[in-house]
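> Below: sequence and its predicted model.
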Amino acid sequence: MRIGILQSGHFPEELVPETGTYPDMYATLLDGHGFTFQTWSVVDGVFPDGIDAADGWLVSGSRHGAYEDHDWIPPLEEFIRTAHAARKPMVGICFGHQIIAQALGGKVIKFPSGWSVGPTQYDFGGETVALNAWHQDQVVEVPEGARVLASTEFCANAALAYGDTILTIQPHPEFGKAALDGLLRTRGHLLTDELLDRARNALDTPTANRETGRKIGEFFLRAREV
């Protein structure tokens, strides 16, 4: 199965020697399922010829806001709507979670209560799952027909499902300790001192990255009626 990565942002260049790029991290996250990967850097205006260029799609994280005025955002939203209508399996992570919601009728804002950063406990229907967060934007209105799969007290709509073809999550299961530590070192100035200290002190918290990657892989491989 070929997974097409719609790269909506670039991981900080100075951290790539330590962590790899976003596509590198997603390939590691989804290792073991027999996938091949191809990346289109939509943030740079590079798009697939169509939704059939891959068997499934993954929309990446980004430093940009889904609501921002960039030339590449409207065609990305249209691609998402076309893929959804054709029942192509699609996964969104962080920005991907947000832009898919916005494209399908939801609302995304810069959350007035600030950032969620570092190891965070998410309630997946009574199961507590720890994953690394790095976001200020949030989905505050869920598209019609979407189901909320996970939440925290701070982030009500932390994971969404759209039928059996789209799965999106707000946290970053591709971020291990090195990625989070690098962001805290290079982007910590965006955070309050209290939040920065709390995230640094929690760096060694175990996260469910491997298990979440397995579930995402199984989601892509699930048999679906056309």
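Structure received.
> Could I get the pLDDT score of the closest residue to residue 54 other than its chain neighbours?
Ranked by CB to CB, 6 or more residues apart in numbering and with sequence neighbours excluded, the top spatial neighbour of residue 54 is residue 4, at 3.0 Å. Just so you know, the C-beta spots here come from the backbone N, C-alpha and C atoms, and that holds for glycine as well. Per-residue confidence at residue 4 stands at 98 (pLDDT).
> Enumerate every residue touching residue 4.
Residues near residue 4 by CB atoms under 8 Å, 6 or more residues apart in numbering: 37, 38, 39, 40, 48, 53, 54, 56, 57, 58.
> Pick the one among these closest to residue 132.
If you rank those by distance to residue 132 using CB to CB, residue 58 comes first, at 17.4 Å.
> which element follows the helix or strand containing the closest one toward the C-terminus?
When elements are defined using DSSP states H and E, residue 58 is found to belong to strand 56-59. Following strand 56-59 in sequence order, the next helix or strand is helix 73-85 (DSSP H and E).
> Doesn't residue 180 belong to a strand?
No - secondary structure assignment places residue 180 outside any strand; it is helix (DSSP: H, G, I helix; E, B strand; the rest coil).
> residues in contact with it?
Taking CB under 8 Å, 6+ apart as the criterion, residue 180 is in contact with 118, 132, 134, 199, 203.
> Could you rerun that using 7 Å?
Residue 180 makes contacts with 118, 132, 203, as judged by CB atoms under 7 Å, 6 or more residues apart in numbering.
> how near is it to residue 25?
Separation of residue 180 from residue 25 (CB to CB, to the nearest Å) stands at 12 Å.
> if we can go back for a sec, any chance of the contacts of residue 4 in JSON lines, plus distance to residue 91 and pLDDT?
Shown next, in JSON lines, are the contacts of residue 4 (distance: CB to CB, whole Å; pLDDT from 0 to 100):
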{"residue": "37", "distance to residue 91": "13", "pLDDT": "98"}
{"residue": "38", "distance to residue 91": "15", "pLDDT": "98"}
{"residue": "39", "distance to residue 91": "14", "pLDDT": "98"}
{"residue": "40", "distance to residue 91": "15", "pLDDT": "98"}
{"residue": "48", "distance to residue 91": "16", "pLDDT": "98"}
{"residue": "53", "distance to residue 91": "16", "pLDDT": "98"}
{"residue": "54", "distance to residue 91": "12", "pLDDT": "98"}
{"residue": "56", "distance to residue 91": "7", "pLDDT": "98"}
{"residue": "57", "distance to residue 91": "7", "pLDDT": "98"}
{"residue": "58", "distance to residue 91": "5", "pLDDT": "98"}
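> All the helices of the chain, residue numbers only.
Counting by DSSP state H, residue ranges of the helices within the chain are 16-19, 22-29, 73-85, 95-103, 177-187, 193-201, 209-221.
> quick revisit: from the contacts of residue 180, which is closest to residue 16?
For those, with residue 16 as the reference and CB to CB as the criterion, the closest is residue 132, at 17.6 Å.
> The nearest residue to the closest one once chain neighbours are set aside: neighbouring residues, count only.
Leaving aside its chain neighbours, residue 132 sits nearest to residue 175 (4.2 Å; criterion: CB to CB, 6+ apart). Residues within reach of residue 175, counting by other CB atoms under 10 Å, total 27.
> Fine by me, thanks again.
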